[in-house]
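Visitor: sequence plus predicted model, see below.
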Amino acid sequence: MTTAIVWFRQDLRLQDNPALEAALQSDQLVIPIYIVEPEKRDWPVGAASKWWLHHSLSALQQSLRHRGSDLLVFAGNAERVLMQLCRSTAARHVFWNRCYEPDAIERDSNIKNSLLEIAVNVYSFNGSLLAEPWNTLKKDGTPYRVFTPFWKAIQQNGITLFCFTPPKHFPAISDKLKNSNTIKITELNLLPSNRWDMGLTETWQPGEMSARKYIHNFLDATIMQYPDGRDIPGISGTSRLSPYLHFGEISPWEIWRSIQVWSTTHTDSGAIKAAECYLRQLGWRDFAYQLLYYFPHTDTQPLDTRFTAFPWKSRYKKELQRWQQGMTGIPIVDAGMRELWYSGWMHNRVRMIVASLLSKNLLIPWQQGAQWFWDTLVDADLANNTMGWQWTAGCGADAAPFFRIFNPVRQGERFDPDGRYVRRWVPELQALPDKWIHQPWEAPQQVLEQAEVVLGKTYPEPMVDLAQSRQRALAIWNDLKSS
DNA sequence: TGAAATGTTGGGGCG
DNA sequence: ACGCCCCAACATTTC
């Protein structure tokens, strides 16, 4: 009897799972495992992501048990766990889908070598990208730094939509194996001890099945309005698939195929445009992965080296806290930060607005914002998070130039004209008329009284003067440029 | 996937 | 009918 181990990492699904398919074809006994490692990595899993991971693992375990198999969960150093398990089960093959973060790459290549020394072969696969970084280089051998040519090139090269549907019955896992050093998911302590996760529970249902529901819902109700609707945070205008994609509960190929199927019955120009616009976002994800792969220091260091000398503020603890808590006094920013804290997610338009305020108006290092997002987002993804923050801070690839400073009032008026989003997350401004909802500090005293808003008491005064801080940032940028 | 300042145009009011 | 001014609407430039 030949035995293989399938090591699940950021591919917590059965559908379209290349490592799983290969293992099932290659060996008679297939042991699916997950390893929770001690938190000594550069980016240990954040609190919100842990919550997600707990439920995601439970869902995967359940669906494997449903098929007569199981998910064996271990806690400890991945290399040691794998070596031990290979010895005790006499497994000769280990299968996994590749990770692309710098320290995951290092870990995996070390493990691969160690396993080889005990005569265990590792087979790794692309389980999550449309095109892997080494297949996306320019003709001159350097990586793309601008999105549009990148996107054109990988489409032109042809994208293979890997497809695999898991069988109903998997090889059974013996009780002896189930009890060997495994740990129960609940014993991993991934859930918070005090119940701040109410909002997450109310908002999300992790798991492969749920991701599929999201796609269908998106295609039925949302995608046609996507090109404009994706910018309106007050409506449900996006797919909200980001956490599922991060944990690999859904493959980008399945999303792509679903849109292809939808396109056969939606052939008008509006539908074509909407489908393209959405798939383009999937392209951004690959672009981010490729950037982090070729510029592995960018999780902490600006890609544009001019910014190494940028005079960020150095004492910002109090201000950072106000931003984190959604108490900046700028309604659309506070709405976003509170949406994040409550639901573990923030609308992308609003991510740009809050990031612009932090890095440009407040001059707080973007790394601080990235760190907060890492801890609080259920879709926290090193490649996407890094690219997003460097993009708004103006120091990344294909980034918004530094002088592009969002005015959160203008943004609010354009993208939340009826104040729906702000009122939902900043209820203390509920009764303020649309005209003042994005700038309560400009409202006449009488209007404030009528809305029962007392600035500095029921809702904060704005913590920065937007016009003034904008000028300050521009001046710093000019200095930096000329030096 | 900016915002503000500055420039241009053209319709309408008015002497 | 004409020139002048005002200003909204749009375009361009600058940061």
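Guide: Nice, I can see it.

Visitor: how does chain A divide into domains?
Guide: A:1-127, A:128-162+A:209-294, A:305-482 (automatic domain parsing).

Visitor: ok, which of those domains comes nearest DNA strand C?
Guide: domain A:305-482 (4.1 Å; CB to the nearest atom of the strand). For glycine as for every other residue, the C-beta is placed from the backbone atoms N, C-alpha and C.

Visitor: now for the most centrally placed residue in chain A: which residues touch it?
Guide: Among the residues of chain A, the one closest to the centroid is residue A:379, at 3.4 Å (CA atoms, centre = their mean). Counting by CB atoms under 8 Å, 6 or more residues apart in numbering, residue A:379 touches A:242, A:243, A:245, A:246, A:344, A:345.

Visitor: what do you get if the cut-off is 7 Å, keeping everything else the same?
Guide: Listed by CB atoms under 7 Å, 6 or more residues apart in numbering, the contact partners of residue A:379 are A:242, A:243, A:246, A:345.

Visitor: ditto for residue A:29
Guide: Here residue A:29 is in contact with A:1, A:3, A:171 (CB under 7 Å, 6+ apart).

Visitor: tell me what it is bridged to.
Guide: On the basis of DSSP bridges, residue A:29 is bridged to residue A:3.

Visitor: now the buried members of the contacts of residue A:29.
Guide: Those of these that meet the buried threshold are A:3, A:171, by 16 or more other CB atoms under 10 Å.

Visitor: ok, so of the contacts of residue A:29, who is nearest DNA strand B?
Guide: Of the contacts of residue A:29, the one sitting nearest to DNA strand B (CB to the nearest atom of the strand) turns out to be residue A:171, at 43.4 Å.

Visitor: was I right about the closest one contacting residue A:27?
Guide: No - the pair residue A:171 / residue A:27 is not scored as a contact, 8.4 Å apart, by CB atoms under 7 Å.

Visitor: show me where the stretch 251-400 of chain A has its helices.
Guide: Along the stretch 251-400 of chain A, the segments classed as helices by DSSP state H, counting those that start in this stretch run A:252-265, A:269-294, A:317-325, A:331-343, A:348-356, A:366-376, A:382-393.

Visitor: buried set for the fifth one?
Guide: So the one you mean is helix A:348-356. A:349, A:350, A:351, A:352, A:353, A:354, A:355, A:356.

Visitor: can I get it in PDB, CA atoms only?
Guide: The C-alpha trace of helix A:348-356 is given here as PDB (Å, rounded to 0.1, in the frame of the first residue of the first chain):
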ATOM      1  CA  ASN A 348     -12.000  48.800  -1.300                       C
ATOM      2  CA  ARG A 349     -12.900  52.400  -2.100                       C
ATOM      3  CA  VAL A 350     -12.900  53.100   1.600                       C
ATOM      4  CA  ARG A 351      -9.600  51.300   2.100                       C
ATOM      5  CA  MET A 352      -8.100  53.800  -0.300                       C
ATOM      6  CA  ILE A 353      -9.700  56.700   1.500                       C
ATOM      7  CA  VAL A 354      -8.600  55.700   5.000                       C
ATOM      8  CA  ALA A 355      -5.100  54.800   3.800                       C
ATOM      9  CA  SER A 356      -4.700  58.200   2.100                       C
END
